[in-house]
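[1] Build the 3D model from these lines:
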Amino acid sequence: MSQQAEVAVTATQGKPAKEILQAQPAGQAADQEPAHQEPADVEPASPEPDAAAPPAVAPAEPLRPVRLWLWIVTALVFLMVIVGGATRLTESGLSITEWKPVTGAIPPLSAEAWQGEFEKYKKIPQYSKLFPEITLDQFKVIYFWEWGHRQLGRLIGIVFALPLLWFAIRGVVRGKLLAQLLGVLALGGLQGAVGWWMVASGLVGRIEVAPERLMVHLTLAALTFIALIWIAAGLKPAPAETVRADVRRESSWLVWLFLAQIALGALVAGSRAGLTYNSWPLMDGHLVPPSDALMKLTPWWLNFLENPTMIQFQHRMFAYLLIALVIGHLSKVVQLPDAPHAGRRAGVIAGLTLAQAGLGIATLLMVLHAGRLPIHVALAHQGVAFLILGMAVVHARRTRPALQEP
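    Below is the predicted model:
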């Protein structure tokens, strides 16, 4: 035995085994494993979970990409409505006299092509009666408004159709949801055809499009807007709230009443009824205009479509009705003890409706001396109308919290 080993044996004599193990260097006796060490291939036991705390499980949203895509398309439709309003207010809607769904995506690229489009425009009544002195450069401005409006429609079709095809191939959307989305696609295609049907009405014998066709065109856009929001809002889990059946019915009725008011607003725009009776709250000194002014056309039903006095009067009265209904709905919803989210939505709808009424009054009172509407105020009026409609759809859908089945 070496001298170092003898010293080590002497130093450990009389000490407990525990102290000997603690004093032993980590690198010594590497060929021996302690008796208490577990095998290397056995994982240590995990600590037992706290029985009092339930495991946190995040709610699954397999349709979240579909929902986000639908909201993007909804935003594009809203933009389309604003651009369409600007196209109408700038008298640009008749600047393109042909409907070319594919080749029309390319604007004129040469001086000769521009001159050819300008010559086509000179052949319609709007040129000779409204803009006989318009120059080619001025024509290019109104042309690009209408071209941009149509181009945005093409973009919406692509943004909707291609992801829909991808989601369908991968089986993300199927069954009832797929049928609903195909219905929206068909509605968008119909909207394009109706748009040309509307434009065609102003190319012969008129200086603007027919008001009733403008109403159909804008109403179809609103229906597409409603469908997109209804589907998208149904794809997200809603907070559990107790909403009475009568409140649910009222929320649905508000959607259709706001849609009707948008349709009446389209008649006001198409018939230029906003340029008459530019006072409030009276119309030429009357709360209700005389019957001979309201019903001056025959047959009687034609007054509701083509008589500017009746058109503006019914738009005003319907606005008052909506204000009363949304305030009454709000007063009922805020009394529900277990529906705070519904109460907040109803409050937003009521606030937007009052703001919209103010914009409508401002649009009437701010008519320019040249007989034209202030574009920024008129566009705000149209935009807020669709914001109210969208919020009403969300409100109606979220009172029915069942998720859309894929």
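
[2] got a list of what the residue nearest the centre of the chain touches?
    The centroid of the chain falls nearest to Thr74 when counting by C-alpha atoms, centre = their mean (3.6 Å). The neighbours of Thr74, taking C-beta atoms under 8 Å, 6 or more residues apart in numbering as the test, are Phe225, Leu228, Ile229, Ala232, Gly390. For every residue, glycine as well, the C-beta is placed using N, CA and C.

[3] Now, the residues you listed that are in strands?
    Among the contacts of Thr74, none falls in strands (DSSP state E).

[4] Need the residues that contact stretch 149-159.
    72-73, 76-77, 79-80, 83-84, 87, 92-93, 96, 101, 104-105, 188-189, 191-192, 195.

[5] coming back round to it: most neighbours among the contacts of Thr74, please name it.
    The most crowded member of the contacts of Thr74, judged by other C-beta atoms under 10 Å, is Leu228 (26 neighbours).

[6] how long is stretch 206-213 end to end?
    13 Å (C-alpha to C-alpha, to the nearest Å).

[7] Now that stretch: buried residues?
    With burial defined by 16 or more other C-beta atoms under 10 Å, the residues of stretch 206-213 counted as buried are Glu208, Val209, Ala210, Pro211, Glu212, Arg213.

[8] Equivalent analysis for stretch 138-149, please.
    Buried, per 16+ other C-beta under 10 Å, within stretch 138-149: Phe139, Lys140, Ile142, Tyr143, Trp145, Glu146, Trp147, His149.

[9] How much space separates the last one from Ile158?
    Using C-beta to C-beta, to the nearest Å, one gets 16 Å for the distance from His149 to Ile158.

[10] Same question for the fourth one.
    Summarising the geometry, the distance separating Tyr143 from Ile158, computed by C-beta to C-beta, is 22 Å.

[11] now the fifth one
    Spatial separation of Trp145 from Ile158 under the definition C-beta to C-beta is 21 Å.

[12] starting at the chain centroid, how far to the longest helix along the chain?
    Counting by DSSP state H, the longest helix found in the chain is helix 136-169. On the basis of C-alpha atoms, centre = their mean, to the nearest Å, helix 136-169 sits 17 Å off its chain's mean C-alpha point.

[13] State the mean pLDDT of that helix.
    Averaging pLDDT along helix 136-169 gives 95.

[14] so what does the helix or strand following that helix touch, helix or strand wise?
    Per DSSP states H and E, the first helix or strand lying C-terminal to helix 136-169 is helix 175-200. Using 3 or more C-beta pairs under 8 Å, 6 or more residues apart in numbering; DSSP states H and E as the contact test, the elements touching helix 175-200 are helix 136-169, helix 211-233.

[15] and the last one with helix 175-200, angle?
    Angular relation of helix 211-233 and helix 175-200 on a 0 to 180 degree scale: 160 degrees, by axes from the mean of the first three to the mean of the last three C-alpha atoms, to 10 degrees.

[16] hmm, back to that, ok and the longest helix of the chain relative to helix 211-233, angle-wise?
    Using the same axes, to 10 degrees: helix 136-169 against helix 211-233 is 40 degrees.

[17] Figure out the length between the terminal residues of stretch 329-340.
    Stretch 329-340: ends 14 Å apart by C-alpha to C-alpha.

[18] can you start the count at 16 instead of 1 from here on
    Okay, residue one is now 16; in that scheme the one you just asked about reads as stretch 344-355.

[19] now the strands: where do they sit in the protein?
    Under DSSP E, the chain gives no strands.

[20] Mind checking the helices and strands packed on helix 190-215 for the one nearest to Gln397?
    helix 226-248 (8.8 Å; C-beta to C-beta).

[21] Please give the centre-to-centre distance between that closest one and its chain.
    So, by C-alpha atoms, centre = their mean, the centroid of helix 226-248 is 11 Å from its chain's centroid.

[22] so what secondary structure elements neighbour it?
    By 3+ C-beta pairs under 8 Å, 6+ apart, helix 226-248 packs against helix 79-104, helix 190-215, helix 260-285, helix 318-321, helix 390-413.

[23] quick one: the longest helix of the chain to helix 79-104, angle?
    160 degrees.

[24] still on that earlier bit, would you convert the helices and strands packed on helix 190-215 into JSON lines that also reports distance to Val399?
    Below are those laid out as JSON lines (distance: least, C-beta to C-beta, whole Å):
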{"stretch": "helix 151-184", "distance to Val399": "20"}
{"stretch": "helix 226-248", "distance to Val399": "14"}
